[in-house]
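[1] Take this sequence and fold it.
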Amino acid sequence: MNHQSLSAFIWSVADLLRGDYKQSDYGKVILPFTVLRRLDCVLAPTKAAVLAEFEKRQGEGMNPEPFLLRAAGQPFFNTSPMDMAKLMGDPDNIAANLYAYIQAFSADVRDIFERFEFTTQVDRLAKAGLLYQVTEKFAGIDLSPAAVDNFHMGLAFEELIRKFSELSNETAGEHFTPREVIKLMVSLLFVEDDDALAKPGVVRTIYDPTAGTGGMLSVAEERLTEMNPAARLTMFGQELNPESYAICKADMLIKGQDVANIIFGNTLSDDGHPTRQFDYMLSNPPFGVEWKKVEKVVRAEHEKQGFNGRFGPGLPRVSDGSLLFLMHLLSKMRPAVDGGSRFGIVLNGSPLFTGGAGSGESEIRRYLLESDLVEAIVALPTDMFYNTGIATYVWIVSNRKPAHRRGKLQLIDASSFWQKMRKSLGSKRREMSEDDIATVTRLFGGFQAAQLATVLDAEGKEIERTVVVDGEAPPVAPEDGKVKLVPLSLILDNAAFGYRTITVERPLLDNQGQPVVGLKGKKKGQPQPDSARRDTENVPLAEDVETYFEREVKPHAPDAWIDHDKTKVGYEIPFNRHFYVFEPPRDLAEIDADLLAVTDRIKAMIEEMAA
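    Residues are numbered from 1 along each chain as shown. Coordinates of the predicted model:
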């Protein structure tokens, strides 16, 4: 069965549901029934052997599970004499027989259907008089591995997940990351490891702590399969939303992955893979979501375990837990001596700069940069996600940086790399093309500084855009036109993002305007600081504090001094500031000429009306 015929079949089922179900609810029926039929077909060849083994082991009073798994030749089994074809033979009892059939699956499969709330949908279909027709439709399609192999079945199921997520615009962003964003992240993860991943029989692990419907894991597998069909990617994940978890687990089952690697629960409060470490990791955690519900558990881990736990560097403010997920991923990295790890995470702009020196966010950034863990940060276009139009950034983090990257951080501004979608999906109005993804990946993989050259004609209309790598000549401007150059990829020292916040004190003055001095202790004879006149200054790490103070402060406040006990080190990544290009305003004479031309036109129009 090819992809088109499977898609046509699925929409024929959707036609049955039309009227009784909203479009956004089609997936609640079609996805679990697709999984059920696939499993039904997969188990068909060993059905008789499993039933015989079940009967035999029951009589012996032994736990039959390991024997049934061996007889089935799969990581799951079903002990019911029914299958979907036999269900059709008893229309009057279709609901009861379907329940019994589902309950006869092994525990992992039952868990999938429970999270789907499949019994609720069976009841709803039965009341609408549609249960027999829908079951009959699925019983009539061949989804056996002989007809559709695991890879193509996985692709088809992914397509269904995407379609139904897009139909449900209001919730799509909660558990579905746009496919082109995932492709970009996976390309950035793998680009430096192309040679290693091309070796025959290579096995790698990948993990997503906010797995959603499993899209990131699936795209990573597709990409690796394209690079090396003999490679094996073992997938791990955790997900909090029950329906998303069910879809992800079902997708993994269909692909032949071990579904025990997909854990249900809150990653921050209950780590489902506490002892594991991974080669690669991907995550798109919720943007700007507070973590008050798990605050007690997270704070306890931070305070009691420190760097032996997941949150050693610090804790962000309770209103945004994005950086908690980043630290969780840090804790899952293999030690560099064992090959190290690389991960990609999508964050909003807040983790780049929120929090002054000494704050939780700043301390987390400090740990990342002083440990030389961040390889690159890529700014994505706005309006890329289903539930938000805000600016987003992909962080690429690794503890196995190649030698030429050490001590450096690459910033890539891909915010202009987009094309308009033919149809908006919620807040998503833009998408990145394959060429855009390839350009960003090439800049990252080549560790290249570059500019974006926009060629404008005499009327200021854009006629060409091209990437100019350092050392290349920019394009030549057309007659009366110009070439506009803006930074695209920058390579900066990690220390460039650090600063010291110094406290500048001024003396407390008495009624005669004279400094008040201390009368006892260490401050005896010294001017007392006036808290109302206190100020702070941020001094770049690369600059000497005293030199800065003499140049920037002393000329304006000769009586000021630095309280060194209050000095704090901070880090921020002011992304937009590094890419800002000042454009001088037009010449005043040119503006006056334009205004004069407009007023002359208005005068002429008034005179015509008066005539």
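[2] after the lowest-mean-pLDDT helix or strand in the chain, next one along is what?
    Lowest mean confidence among the helices and strands of the chain (mean pLDDT, DSSP states H and E): helix 169-175, at a mean of 45. Along the chain past helix 169-175, the next helix or strand (assigned with DSSP states H and E) turns out to be helix 179-190.
[3] What lies in contact with the next helix or strand after that next one?
    Toward the C-terminus, helix 179-190 is succeeded by helix 194-197 as the next helix or strand (DSSP H and E). Outside of helix 194-197, the residues within contact range by Cβ atoms under 8 Å, 6 or more residues apart in numbering are 190, 202, 204, 224, 227, 228, 231. C-beta: built from backbone N, CA, C; applies to glycine.
[4] Hmm, residue 314 and residue 355 touching each other?
    No: Residue 355 is not in contact with residue 314 according to Cβ atoms under 8 Å; the separation is 9.0 Å.
[5] who touches both of those two?
    With contacts defined as Cβ under 8 Å, 6+ apart, the residues adjacent to both residue 355 and residue 314 are 361, 362.
[6] low pLDDT regions in the chain?
    Low-confidence segments of the chain (pLDDT under 70): 1-4, 7, 165-176.
[7] Give me the distance from the biggest strand by length in it to the chain's centre.
    With DSSP state E applied, the strand covering the greatest number of residues in the chain is identified as strand 482-493. On the basis of Cα atoms, centre = their mean, to the nearest Å, the separation between the geometric centre of strand 482-493 and that of its chain is 26 Å.
[8] about what we covered before: could the contacts of helix 194-197 go into a markdown table alongside neighbour count and distance to residue 307?
    Written out in a markdown table, the entries for the contacts of helix 194-197 read as follows (neighbours: other Cβ atoms under 10 Å; distance: Cβ to Cβ, whole Å):
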| residue | neighbour count | distance to residue 307 |
| --- | --- | --- |
| 190 | 20 | 29 |
| 202 | 16 | 32 |
| 204 | 18 | 27 |
| 224 | 22 | 32 |
| 227 | 14 | 36 |
| 228 | 17 | 36 |
| 231 | 18 | 34 |
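[9] Pick out whichever of the residues you listed sits closest to residue 348.
    Using Cβ to Cβ, the shortest approach to residue 348 within these belongs to residue 190, at 24.7 Å.
[10] tell me which of the contacts of helix 194-197 is nearest to residue 571?
    Checking the contacts of helix 194-197 one by one against residue 571 (Cβ to Cβ), the nearest turns out to be residue 190, at 28.4 Å.
[11] Go ahead and confirm the closest one touches residue 223.
    Yes: taking Cβ under 8 Å as the definition, residue 190 is a contact partner of residue 223 at 6.3 Å.
[12] Now do residue 83: how many residues are near it, please.
    Burial of residue 83, expressed as a neighbour count using other Cβ atoms under 10 Å, amounts to 16.
[13] List the contacts of it.
    With contacts defined as Cβ under 8 Å, 6+ apart, residue 83 is in contact with 40, 43, 44, 47, 101.
[14] Give me the contact list for the longest strand of the chain.
    Strand 482-493 has contacts (Cβ under 8 Å, 6+ apart) with 407-413, 443, 447-456, 467-468, 474-477, 578-579, 581.
[15] Of the residues you listed, select the buried ones using a ChimeraX command.
    Selecting only the buried entries of these in ChimeraX, with 16 or more other Cβ atoms under 10 Å as the criterion:
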select :408,409,410,411,412,413,443,447,448,449,450,451,452,453,454,455,456,467,468,579
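[16] quick revisit: which one of the contacts of helix 194-197 is nearest to residue 158?
    For the contacts of helix 194-197, the nearest to residue 158 is residue 224 (15.0 Å; Cβ to Cβ).
[17] what about the closest one, helix or strand, and which?
    Residue 224 belongs to helix 215-227, assigned by DSSP H and E.
[18] Going by contacts, tell me the helices and strands next to the helix or strand just after that helix.
    Toward the C-terminal end, the helix or strand that comes next after helix 215-227 (DSSP H and E) is strand 232-239. Strand 232-239 makes packing contacts with strand 203-208, helix 215-227, helix 242-254, strand 262-264 when contacts are defined by 3 or more Cβ pairs under 8 Å, 6 or more residues apart in numbering; DSSP states H and E.
[19] Can you get me a residue count around the residue nearest to residue 315 when sequence neighbours are not counted?
    Closest residue to residue 315 apart from its sequence neighbours, by Cβ to Cβ, 6 or more residues apart in numbering: residue 360 at 4.5 Å. A total of 19 residues lie near residue 360 under the criterion other Cβ under 10 Å.
[20] show me the residues around residue 360 that make contact.
    Taking Cβ under 8 Å, 6+ apart, we find residue 360 in contact with 314, 315, 316, 317, 323.
[21] Reformat the residues you listed into a markdown table and put distance to residue 304 and neighbour count next to each item.
    As requested, the contacts of residue 360 are exported to a markdown table (distance: Cβ to Cβ, whole Å; neighbours: other Cβ atoms under 10 Å):
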| residue | distance to residue 304 | neighbour count |
| --- | --- | --- |
| 314 | 15 | 19 |
| 315 | 13 | 22 |
| 316 | 19 | 24 |
| 317 | 21 | 15 |
| 323 | 20 | 26 |
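[22] what's the closest of the helices and strands packed on strand 232-239 to residue 368?
    Comparing those by their distance to residue 368 (Cβ to Cβ), the top pick is strand 203-208, with 18.9 Å.
[23] any idea how far the closest one is from the chain center?
    On the basis of Cα atoms, centre = their mean, strand 203-208 is displaced by 16 Å from the centre of the chain it belongs to.
[24] same thing with stretch 535-542?
    Centroid displacement of stretch 535-542 relative to its chain, using Cα atoms, centre = their mean, is 33 Å.
[25] Please state the offset of the helix ranked longest in the chain from the chain centre?
    Across the chain, the longest stretch assigned as helix under DSSP state H is helix 588-610. The gap between where helix 588-610 is centred and where its chain is centred comes out at 53 Å by Cα atoms, centre = their mean.
[26] cool, stretch 436-444 as well?
    The offset between the C-alpha centroid of stretch 436-444 and the centroid of the whole chain comes to 18 Å, using Cα atoms, centre = their mean.
[27] what do you get for stretch 602-611?
    59 Å.
[28] ditto for stretch 31-38
    Taking Cα atoms, centre = their mean, one finds the center of stretch 31-38 at 28 Å from the center of the full chain.
[29] Buried residues, that stretch. List them.
    If you call a residue buried by 16+ other Cβ under 10 Å, then stretch 31-38 has these buried ones: 31, 32, 33, 34, 35, 36, 37, 38.
[30] ditto for stretch 222-241
    So stretch 222-241, judged by 16+ other Cβ under 10 Å, has buried residues 222-224, 228, 231, 233, 235-241.
[31] Ok, stretch 201-217 next?
    In terms of neighbour count (16+ other Cβ under 10 Å), stretch 201-217 has its buried residues at 202, 204-217.
[32] can you check stretch 272-284 too?
    Of the residues in stretch 272-284, those buried under the neighbour-count criterion (16+ other Cβ under 10 Å) are 272, 273, 277, 278, 279, 280, 281, 282, 283, 284.
[33] that's a helix at the first one, yeah?
    If I follow you right, that is residue 272. No: inclusion of residue 272 in a helix is not indicated when DSSP: H, G, I helix; E, B strand; the rest coil is applied; the result is coil.
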